[in-house]
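Trainee: model this:
(one chain, ligands or ions: 1)
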Amino acid sequence: MSRLAGRVALVTGGASGLGEATVRRFRAEGARVMVADIDAARGAALAAALGEGVRFVRCDHTRRAENEAAVAATLAAFGSLDILHNNAGGPFAGAFESADDATLERVVAVNLMGVMKMTQAALPALRDAAKARESGAAILFTSSLQGIKARPNFSIYTVAKHGIVGLVRSLALELAPAGIRVNAICPTVTETPMLPKFLPGMADDMAEARRRFRATIPLGRMPEPVDTANAALFLASDEARLITGVALPVDGGQMAG
Ligand SMILES: NC(=O)c1ccc[n+]([C@@H]2O[C@H](COP(=O)([O-])OP(=O)(O)OC[C@H]3O[C@@H](n4cnc5c(N)ncnc54)[C@H](O)[C@@H]3O)[C@@H](O)[C@H]2O)c1
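Mentor: Numbers count the residues shown, from 1 in each chain. Take a look at the predicted model:
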């Protein structure tokens with residue numbers, strides 16, 4: 001399969017969960033992929049397992065210099081950057097009232113500041129790529145269902161994930177003349193190592209937590225990372241050439257209700 005043949009992608013948080021599934025799908029469709037993550041052990045192991053065409057760079061996306069270095073490493077390894085997938089993020093669950101300054105800053109940094117800094121670092125290379133290819137370049141973000149709705153006790157995460165959707169809409173308009181499409185994926189709770197954090201108070205009985213959660217999904221299927229990865233693949237590919245500025249739920253119908 002070659003829906004991304006000739007493309008180069010950089011995936012933050014690509015060492016685990018939704019990012020890892022996306023790296024695998026992008027590679028299977030012909031892209032060369034840079035995995036950018038703070039988890040060097042997992043990231044390097046994934047790159048080694050996938051072989052030629054996948055590299056790893058250690059990168060904390062909250063640090064501007066590390067983002068610039070990750071983009072430079074991508075250009076050095078593969079010669080261009082056509083697709084940026086801002087996927088890295090981290091959970092927050094708890095009462096808003098009692099969150100201290102360090103928590104407010106950490107959750108916003110890892111879920112919102114980091115994706116803005118990485119996008120700025122990647123834009124010169126994405127602009128070059130868009131000039132070189134009629135179908136342009138693409139930026140994706142992993143927001144969340146919490147980017148388009150809310151539930152109690154996820155407030156700071158919800159603020160950051162809503163912020164991503166605002167950024168997507170703004171950048172879609174700002175970058176359309178340059179041929180760069182900008183979209184977000186909004187997964188519901190999905191089977192990744194982050195899962196216990198999204199089902200608070202139930203982590204001691206995950207089987208029961210999964211059963212109860214699955215019952216809230218109209219399609220009745222527990223979301224898997226590949227479901228999000230397939231949505232990312234579509235939005236990154238030329239099949240989505242007229243799609244920009246959307247926040248696409250991957251939720252088995254939860255948002256329809
Ligand atoms: N799993 C879910 O239920 C779910 C639902 C909606 C949205 N999301 C979002 O999906 C994204 C991926 O989450 P996941 O579930 O795959 O989690 P995960 O924990 O499996 O993977 C997250 C990856 O991001 C990396 N990471 C964390 N902080 C980083 C930083 N500062 N710089 C670079 N890399 C960093 C981690 O090392 C890890 O490899 C996150 O943005 C998360 O908020 C997850």
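Trainee: quick one, strands of the chain?
Mentor: Here the chain has its strands, by DSSP state E, at 8-12, 32-37, 54-58, 83-86, 137-142, 180-187, 247-250.
Trainee: how about a markdown table for these, with mean neighbour count and distance to Phe198 added?
Mentor: C-betas here are computed from N, CA, C, even on glycine. Below are these laid out as a markdown table (neighbours: other Cβ atoms under 10 Å; distance: least, Cβ to Cβ, whole Å):
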| stretch | mean neighbour count | distance to Phe198 |
| --- | --- | --- |
| strand 8-12 | 28 | 19 |
| strand 32-37 | 28 | 20 |
| strand 54-58 | 22 | 26 |
| strand 83-86 | 29 | 19 |
| strand 137-142 | 28 | 13 |
| strand 180-187 | 25 | 10 |
| strand 247-250 | 22 | 14 |
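Trainee: could those strands go into TSV alongside distance to Gly19?
Mentor: Output for the strands of the chain, formatted as TSV (distance: least, Cβ to Cβ, whole Å):
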stretch	distance to Gly19
strand 8-12	5
strand 32-37	7
strand 54-58	12
strand 83-86	7
strand 137-142	8
strand 180-187	11
strand 247-250	14
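Trainee: can I get the ones you listed in CSV with distance to Val110 and mean pLDDT?
Mentor: Formatted as CSV, the strands of the chain follow (distance: least, Cβ to Cβ, whole Å; pLDDT from 0 to 100):
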stretch, distance to Val110, mean pLDDT
strand 8-12, 11, 99
strand 32-37, 12, 99
strand 54-58, 16, 98
strand 83-86, 11, 99
strand 137-142, 12, 99
strand 180-187, 17, 98
strand 247-250, 19, 98
